[in-house]
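Visitor: I would like to see how this sequence folds:
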Amino acid sequence: LSATLLQALFTALFGLTARIASAAPFVVVCLLLRLLQGLACGVTETSAAALAMRSVPEERVAGVFGLVNGSRALGLVCGPPMGGALFDALGFFAPFGAAAALLSLLGCLMLLLPAVPRTHSMRGATGAPIRSLVRIA
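Guide: Modelled structure (predicted):
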């Protein structure tokens, strides 16, 4: 199952938390759903970065990463006002339902589209030991 579809499921379920009457279960359910949603998002973000790296020639990887991160920044800027407008117009579930619908569409497209062929080889790339990357001078 695609991590994006799991993220859509957890987002939609988060929109249903308003139906929980008691405060204590509400908090526990919200924390659990947010934890699961965050894990699914982490898998999705890592996969997107790997897909971007794999699908373009090596000299274009930096530009594609810029596009991916710029798109994320655009979502962070535009998402809250759009979610607020949906909430004001249609209620609590609307922003979560809209996000879940978009994530579901994206997840289905990702499952249906063919795999991206590797455009450059990672042969000859040497992996640095992790301790050399976190060296304190």
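
Visitor: What are the phi and psi values at residue 58?
Guide: Main-chain torsions, residue 58, degrees, to the nearest 10: phi -50, psi -40.

Visitor: Below-threshold pLDDT in the chain: ranges please.
Guide: Across the chain, the ranges flagged by pLDDT under 70 are 1, 114-137.

Visitor: so where do the helices sit in it?
Guide: Secondary structure of the chain, counting by DSSP state H: helices at 3-15, 23-55, 61-90, 93-112, 130-133.

Visitor: Deepest in the core, which of those is it.
Guide: Most buried of those, by mean neighbour count (mean count of other Cβ atoms under 10 Å): helix 3-15, with a mean of 21. To be clear about C-beta, it is placed using only N, CA and C from the backbone, and glycine gets the same treatment.

Visitor: Can you list the neighbours in contact with that helix?
Guide: 30, 33-34, 36-37, 40-41, 43-44, 47, 92-97, 99-101, 103-104, 106-108, 110-111 (Cβ atoms under 8 Å, 6 or more residues apart in numbering).

Visitor: again, 6 Å this time
Guide: 33, 36-37, 40-41, 43-44, 93, 96-97, 99-100, 103-104, 106-107 (Cβ atoms under 6 Å, 6 or more residues apart in numbering).

Visitor: ok, now stretch 29-43?
Guide: So stretch 29-43 is in contact with 3, 6, 7, 10, 13, 14, 17, going by Cβ under 6 Å, 6+ apart.

Visitor: Repeat the analysis, applying 7 Å as the threshold.
Guide: 3, 6, 7, 10, 11, 13, 14, 17, 20 (Cβ atoms under 7 Å, 6 or more residues apart in numbering).
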